[in-house]
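Asks: Build me a structure from this.
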Amino acid sequence: MQSLYFEDFQEGMELETAGRTVTEADIVMFAALTGDWNPIHVDAEYAKNTIFGQRIAHGLLTLSIMSGLLMRLGFLEETVVAFYGIDRLRFTNPVFIGDTIKARVKVVEKQDRGQFGVVKIETNLAKQTGDVVLNCILRVAVKKKE
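Replies: Residues are numbered from 1 along each chain as shown. This next block holds a predicted model:
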């Protein structure tokens with residue numbers, strides 16, 4: 001997909017990403033990168049005795065993968081000015097090793113800020129079962145056409 005400028009976004013526009021399977025390596029590498037070695041993520045024996053019954057992906061790993069999936073669409077590749085923020089972020093279901101996740105987004109608002117615009121994007125990340133694992137409102141600052 002071609003990069004979109006602020007003027008190209010329309011309220012109601014919807015996009016869907018490809019899927020990506022979360023691996024044990026993803027979880028271990030994220031733990032090493034962040035220093036978050038919570039046993040719910042990295043200790044299979046510990047995780048057996050939790051409400052999930054097995055290891056789960058870090059919530060922030062899930063959010064990071066979602067960000068990467070959105071960037072793979074290419075719609076912000078050359079036009080993003082800055083990541084402006086996240087509203088109402090919720091992790092609604094666990095992501096397990098082997099789950100495949102993909103994002104669905106919908107443009108819900110545009111705000112002209114002079115030199116750039118802010119696009120408000122409702123985002124739902126779901127796994128192969130259809131269960132939503134994360135939802136939020138993303139705000140992205142986007143270039144305007146010159």
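Asks: how near is Thr79 to Met1?
Replies: From Thr79 across to Met1, the span is 12 Å (Cβ to Cβ, to the nearest Å). C-beta coordinates here come from the backbone N, C-alpha and C atoms, glycine included.
Asks: Just want to know which of the two has more residues nearby.
Replies: Thr79 (22 against 10; other Cβ atoms under 10 Å).
Asks: From Val95, how far off is the more buried one?
Replies: Thr79 is 30 Å from Val95, by Cβ to Cβ.
Asks: now Gly35
Replies: Noted for Gly35: a distance of 20 Å to Val95, by Cβ to Cβ.
Asks: So the two - more neighbours on which side?
Replies: Ranked by neighbour count (other Cβ under 10 Å), Gly35 and Val95 place Val95 first, with 24 against 6.
Asks: Touching, the more buried one and Arg20? I think so.
Replies: No. The pair Val95 / Arg20 is not scored as a contact, 10.7 Å apart, by Cβ atoms under 8 Å.
Asks: so where do the helices sit in the chain?
Replies: In the chain, helices defined by DSSP state H lie at 24-34, 39-42, 44-48, 59-72, listed in chain order.
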